[in-house]
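S.K.: return a 3D structure for these sequence lines:
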Amino acid sequence: MAQEYSNILVPIDGSKEAELAFKKAVSVAQRNGDKTKLHLLHVVDTRAFQSISSFDTTMVEQVTETAKQTLEEYAKQAKDAGVSCEYSIEYGSPKNIIAHDVPEQLNTDLIMIGATGLNAVERILIGSVTEYVTRTAICDVLVVKTDLNNKFSKK
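M.R.: Below you'll find the predicted structure:
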């Protein structure tokens, strides 16, 4: 019997992998029908701004506006495909927000996340967000590595 999910969380960070996760999430939602809802999430990692001595709130506002534009475009694509979709922007540590905070708030039953994100330095020094989410999330996690249309392609 196939697992059906009703609340799918898709973290979006602007990476190609996040875009692939979004596309697969839309496909899963279409298969599951009207009862499935996508929630797109962008987390502004506020730790990145703590080391800037001349911290200016306009930087956070710019990052937020860029994220909002990206999320609105993805939400439109999902809705055009017949999928119920909403989005949010959160601030703080992406690991905990994606693995615990938002899934608890939304009663998420599946997180679909890209295999890697944009921040290679953090991956080397701290460990990847995807790895942390996979290990500690409160729900199922599907790590997306391949393109729907070309699943055997090499990067």
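
S.K.: OK, contacts around the nearest residue to Ser88 once chain neighbours are set aside?
M.R.: Leaving aside its sequence neighbours, Ser88 sits nearest to Leu41 (Cβ to Cβ, 6 or more residues apart in numbering; 5.8 Å). For glycine as for every other residue, the C-beta is placed from the backbone atoms N, C-alpha and C. The contact partners of Leu41, taken as Cβ atoms under 8 Å, 6 or more residues apart in numbering, are Leu9, Val10, Pro11, Ile12, Tyr87, Ser88, Ile89, Glu90, Ile97, Ile98, Val102.

S.K.: what's opposite Leu41 in the beta bridge?
M.R.: With DSSP bridges as the criterion, Leu41 is bridged to Pro11, Ser88.

S.K.: Val44 versus the closest residue to Asp140 other than its chain neighbours, what's the distance?
M.R.: Of all residues not flanking Asp140 in the chain, Leu110 sits nearest, at 4.9 Å (Cβ to Cβ, 6+ apart). Distance of Leu110 to Val44, computed by Cβ to Cβ, to the nearest Å: 23 Å.
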